[in-house]
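In: sequence plus the predicted model coming up.
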Amino acid sequence: MPSDSYDYIVVGAGSAGCVLANRLSADPAARVCLIEAGGSDDSLRVRVPAGILSLYGNPNYDYCYFGVPQPQLNNRSIPVNRGKALGGSSSINSMVYIRGAAQDYDEWAGLGCAGWAYDDVLPVFKKLERNLLGQDPRFHGTGGELLVDNPRDPNVLSAMFVKAGADAGLPENRDFNAESQFGLGVYNVTQDRGQRFSSYTAFVRPVLDRPNLTVLGSCEVAGIIVADGRATGLRVRQDGGEWALTATREIVLSSGAINSPQLLLASGIGPAAELRQIGIEPVLDLPGVGKNLRDHVDGMITVRSSSSLTLGLSVQNLPRMLAAPFSYFARRKGMLTTNYVEAGGFARTRYADGLPDIQFHFVPGYRSHRGRLVEYGHGYAIHTCVLRPKSIGEIRLSGGDGRKVLIDHRFFSDEQDAKVLVEGIKVARRIFASPVFDAIRGKEMLPGRDVRTDDEILAYLRAEALTVYHPVGTCKMGTDAMAVVDPATLKVRGIDGLRVADASVMPTLIGGNTNAPSMMIGQRAAEMILSR
């Protein structure tokens, strides 16, 4: 039975929480507990990159959330996949290593978050990174724990996609984390010789032998215990039992932009009037908890092709499919090395103000036009998302037990996002129109050749747009009335002994994937705690 008392308790063994657990437990005198609601990550589904298709929607690894009906998306409830395992979402994501643009962090500083400008966070990214590519040392580190590499064996279509960009005015970009994001390229990934390299793999597994570090998996946090204005412990559930854990120094919530606000709200920390309406007695009236939800809304073009150069399930591809396990386990080559979004990049629509305002994720295989995870046949697809959306949603609870969370993105509530995504689809089509694709060209299944005008594209997006799973902002840092945490400390305003350190503290959404920035936030939080 684990101890009931620790110096530090970190809630959530995801991208940020694993970094925190590593850094705090480096002091042998500090007793650290890392709590994760999900179970083990020890599975080929997790380790083998192509196993990602078996993780989304799998309740063993995914919370399998659905958002509330979206009025601007034909009242559809869209899936919100979030990792539920050791490693959190870094154990089910596409492993893409993107930090965002320098201007994103400078914007944070301009919003009152002093100490979070690009010049402040770049050294932190470098400290965490072990770059295996020999990229520019001004932007990359080689001494950290997080391995950053190229995909082991990218599909030939990924190179075709990058080459086709030239015909759409998009140059090749070999380092999206250097001076500019603009252009197309093969994404860097967090992998170790063709295997997923999650935050848990990088920061916790190597230090599991520390006697002062306890990892509690399959352990659900029911609530935060607050006494005399201080967070003193947690109510947790595991193996059918419930008990209390005490934190003598601090509790850090690192459960992500969905679960961190959920836990605060369930504990009575949030908008007091809203909490009373669902039967929760407020402990602290903190109006910003759960507000400011931002995410990347995404539209897809999918093309069916007869070419077996593409990834696909078919009779003609059977020899390659049968050889894939042998190729992977013998040489870390072949189809199983794919993360499905091997290439992509950043572009500007006519609405862009200097920075790229859309991002692409290219799939060298057929994405089902019917929404299936696996579809027979061959093809290729491109996802296009709005990088810096103006639409803002929120997280709420539906009842007093705090277990059911309502996720309301309010996608397209600001019509500018819809306009940008319509233009983004046009740019993506220009890439696919390149002669580079002539040899494998096929039928556009979605949106379809008959969908041409802006109104027709918008109607398609209302019927089909989804998220690329980058929620942030629901416990934002700042100095305004809706800020939940102090930018200088990440402490929850109005309660001692409680911090939040994950993507929920971002005041705005960065232009790119959120895994690496979340780890950076975990490192910053650890430095804040240890500098006391």
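Out: Structure's in. What do you need?

In: so residue 507 makes contact with residue 109?
Out: No - under the criterion of C-beta atoms under 8 Å, residue 507 is not in contact with residue 109, lying 10.0 Å apart. Heads up, the C-betas are built off the backbone N, CA and C, glycines and all.

In: so which of these two has more stuff around it?
Out: residue 507 (23 against 18; other C-beta atoms under 10 Å).

In: dihedrals phi and psi, the more buried one?
Out: The phi/psi pair for residue 507 (degrees, to the nearest 10) reads phi -70, psi -30.

In: so what's it up against?
Out: Shown here is residue 507, whose contacts under the criterion C-beta atoms under 8 Å, 6 or more residues apart in numbering are 108, 111, 113, 292, 473, 476-478, 483.

In: now it: closest residue in space, sequence neighbours ignored.
Out: Counting by C-beta to C-beta, 6 or more residues apart in numbering, residue 476 is the residue found nearest to residue 507 once chain neighbours are left out, at 4.6 Å.

In: contacting residues around that neighbour?
Out: Contacts of residue 476 by C-beta under 8 Å, 6+ apart are 288, 291-292, 482-485, 504-507.

In: filter these down to the buried ones.
Out: Listed as buried from these are 288, 291-292, 483-485, 504-507; burial here means 16 or more other C-beta atoms under 10 Å.

In: I'd like the residues you listed as JSON lines, with distance to residue 518 and secondary structure appended.
Out: Supplementary listing: the buried ones among the contacts of residue 476 in JSON lines, determined by distance: C-beta to C-beta, whole Å; DSSP: H, G, I helix; E, B strand; the rest coil:
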{"residue": "288", "distance to residue 518": "19", "secondary structure": "coil"}
{"residue": "291", "distance to residue 518": "19", "secondary structure": "coil"}
{"residue": "292", "distance to residue 518": "16", "secondary structure": "coil"}
{"residue": "483", "distance to residue 518": "19", "secondary structure": "coil"}
{"residue": "484", "distance to residue 518": "16", "secondary structure": "coil"}
{"residue": "485", "distance to residue 518": "15", "secondary structure": "strand"}
{"residue": "504", "distance to residue 518": "9", "secondary structure": "helix"}
{"residue": "505", "distance to residue 518": "10", "secondary structure": "helix"}
{"residue": "506", "distance to residue 518": "9", "secondary structure": "coil"}
{"residue": "507", "distance to residue 518": "14", "secondary structure": "coil"}
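
In: between those, which is nearest residue 497?
Out: Comparing the buried ones among the contacts of residue 476 against residue 497 with C-beta to C-beta picks out residue 485 as the nearest, at 13.2 Å.

In: my read: that closest one touches residue 498, true?
Out: No - with contacts defined as C-beta under 8 Å, residue 485 does not count as touching residue 498, sitting 9.2 Å away.

In: can you check which residues contact both of those two?
Out: The contact lists of residue 485 and residue 498 share 491-492, where a contact means C-beta under 8 Å, 6+ apart.

In: the strand or helix carrying residue 361 packs against which elements?
Out: Take DSSP states H and E as the rule and residue 361 turns out to sit in strand 358-363. Helices and strands touching strand 358-363, as assessed by 3 or more C-beta pairs under 8 Å, 6 or more residues apart in numbering; DSSP states H and E, comprise helix 156-164, strand 343-347, strand 377-386, helix 415-432.
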